[in-house]
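# Take a look and give me a structure for this.
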Amino acid sequence: MGALKAGLIDKKTFWGKSLLIISLFIIVLVLEFSTPNEYVFGYLYTGPILLANSWLGRLATFQATLIAVCLVMLNLVVPGGEVIKASIVASRAIAAMALIVTGVLSARLRRSEEAIALTKAKLEAQEELVRLREDFASTLTHDLKTPLLGAIEALKAFQQEKFGAVLPAQQKVLATMARSHETSLQLLETLLDIYRNDTEGLKLNLAPVNLVILAEETASTLTELAANRRVYFSFSYGDSDWRQSLWVKGDVLQLQRVFTNLLVNAINHSRRSDRVEIVLLAQTSYQVVKILDTGAGIQPEEFPYLFERFYQGNSDAYGGLCQRQGQGSGLGLYLSRQIIEAHSGIIWAENRVPTGAIFAFKLPVYPFQSSLTS
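Modelled structure (predicted):
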């Protein structure tokens, strides 16, 4: 019933607009044919032509333009009895061409408006789809945290023998399960943070931070992971042989996540029995941190995508000589880029000579670092 009513309203609107355009044609027609043919009122047909284009579409525009041109030229001989001069023919020909141009341009304008409207609708649909995806991912990751936390607590209770004695072999299995669940929990938290940062922006708790101390503390928490992979850490201060302070204004927890992501990435890509080098450099305007690994390096086609969400790179990049030791989620580098850019810094990657890769970032120097070191 509602659709039928809407159809009746559309038909009424169509015929109402058509009658208005016809009425305007009749008014101009009366002016044209009731005056001497040297008076050209045909330019007034542009009004009905534009209304036809706006209201009724391209076909109606073409029909209105054709009728208007015919009426303008017909007024040369109807009504008869007047001398047809060359100047009058020229005036009416100019008026006819003006009407044709009006019809053509108005039709093109309508096509352009329709294309713009279609593009806008597609963009709005894409934005809505992205928003729905992000809302779904955010809700899903948030809801999955609860059962994971419950499972981790249950495993800890078993490890602490709260439900009875546990054999050494069973303890190893429980430890493996606990690590797997904790890794999944970290992945969920990272994913949740990424979606939150994309939608709400990254919120920072800024304070003076010494990147040297932060790098050393983060490396110490990863020593066991590195040892299990037979990878070792070393620190370098560029041209200086002495340990120095690199002060920036930043969020300690967020910058620690960057160090963790880059160091774990370097551990996963380094060859066994090699070392990951942490280079800390002080420049005039920036403090620079570089993480060097000894892997096979980065393929040229990978550079544009390294810091994109979910990009994991080429797992066969080592050509069988040194397979990647840990499969990542493709989120660590993306989150690191979010954090560094939120600190007004720059993060990048490059290949190391003769082999390996360098992941680096730089942050603005804290302007009052002299007072902190004194």
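
# drop to CA atoms for contacts and neighbour counts, all remaining ones
Fine.

# Tell me the spatial nearest neighbour of V258, not counting adjacent residues.
S336 (5.0 Å; Cα to Cα, 6 or more residues apart in numbering).

# that's a strand at the one you found, yeah?
No. Assigned with DSSP: H, G, I helix; E, B strand; the rest coil, S336 falls outside any strand and is helix.

# For it, give me its contacts.
Shown in contact with S336 (Cα atoms under 8 Å, 6 or more residues apart in numbering): 257-258, 261.

# quick one: average pLDDT of stretch 170-187?
Mean pLDDT, stretch 170-187: 81.

# residues in contact with S234?
Contacts for S234 (Cα under 8 Å, 6+ apart) come out as 275-278.

# Which helix or strand contains it?
strand 232-236 (DSSP states H and E).

# quick one: the residue nearest to V258 and R108, what's the gap?
Going from S336 to R108 by Cα to Cα, to the nearest Å gives 48 Å.

# same question, N197
Using Cα to Cα, N197 is found at 43 Å from R108.

# again with I100
Where R108 is concerned, I100 sits at a distance of 12 Å (Cα to Cα).

# Neighbour count: these two, which is higher?
I100 (19 against 14; other Cα atoms under 10 Å).

# Was I right to think that one contacts I67?
No. Between I100 and I67 there is no contact under Cα atoms under 8 Å: 10.6 Å.

# Check which residues of the strand holding S234 are buried.
232-233, 235 (16 or more other Cα atoms under 10 Å).

# With stretch 261-276 instead?
By neighbour count with 16+ other Cα under 10 Å, stretch 261-276 contains the buried residues 261-272, 274-276.

# Average pLDDT for it, rounded please.
Stretch 261-276 comes out with an average pLDDT of 90.

# on that earlier part again, just checking, which of the buried residues of stretch 261-276 belong to helices?
Mapping the buried residues of stretch 261-276 onto helices (DSSP state H) picks out 261-269.

# now what about the host helix or strand of T218, what contacts it?
Per DSSP H and E, T218 falls inside helix 211-221. Contact with helix 211-221 is made by 233, 244-248, 252, 256, 259-260, 263, 280, as judged by Cα under 8 Å, 6+ apart.

# Among those residues, show me the least confident.
Among the contacts of helix 211-221, Q244 has the lowest pLDDT, at 82.

# Can you name the next helix or strand after the longest helix belonging to the chain?
Longest helix of the chain, by residue count under DSSP H: helix 86-159. Going down the chain from helix 86-159, the next helix or strand is helix 168-200, by DSSP H and E.

# just the angle between that next one and helix 86-159, please?
Going by axes from the mean of the first three to the mean of the last three Cα atoms, to 10 degrees, helix 168-200 is angled at 150 degrees with respect to helix 86-159.

# same for helix 168-200, what does it pack against?
helix 86-159, helix 332-342 (3 or more Cα pairs under 8 Å, 6 or more residues apart in numbering; DSSP states H and E).

# hey, least reliable of these by pLDDT?
Looking at the helices and strands packed on helix 168-200, the lowest mean pLDDT belongs to helix 86-159 (a mean of 83).

# So which residues make contact with stretch 282-301?
The contact list for stretch 282-301 (Cα under 8 Å, 6+ apart) reads 246-248, 262-263, 266-267, 269-271, 274-281, 317-318, 322, 350-352, 355-365.

# Filter those down to the buried ones, PyMOL style.
One line in PyMOL is enough to select the buried ones among the contacts of stretch 282-301; burial here means 16+ other Cα under 10 Å:
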select buried, resi 246+247+248+262+263+266+267+269+270+271+274+275+276+277+278+279+280+281+317+318+350+351+352+356+357+358+359+360+361+362+363+364+365
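
# low-scoring stretches of the stretch 251-374 of the chain, by residue?
Where the stretch 251-374 of the chain drops to pLDDT under 70, the residues are 310, 312-330, 369-374.

# ok, now how distant is the residue nearest to D274 when sequence neighbours are not counted from F359?
The shortest distance from D274 to any non-neighbouring residue, by Cα to Cα, 6+ apart, is to V231 (5.4 Å). Separation of V231 from F359 (Cα to Cα): 17 Å.

# Can you tell me the element I358 falls in?
Counting by DSSP H and E, I358 is found in strand 357-364.

# Map the structural domains onto the sequence of the protein.
Here the domain parsing of the chain from automatic domain parsing is 2-125, 139-200, 207-373.

# So for R131, which of these sits nearest?
Closest approach to R131 among these is made by domain 139-200 (8.8 Å; Cα to Cα).

# rewinding a little: comparing the domains of the chain, which stretch has the densest surroundings?
domain 207-373 (a mean of 18; mean count of other Cα atoms under 10 Å).

# about what we covered before: can you list the strands that the strand holding S234 pairs with?
Paired neighbours of strand 232-236 in the sheet (DSSP bridges): strand 275-282 (parallel).
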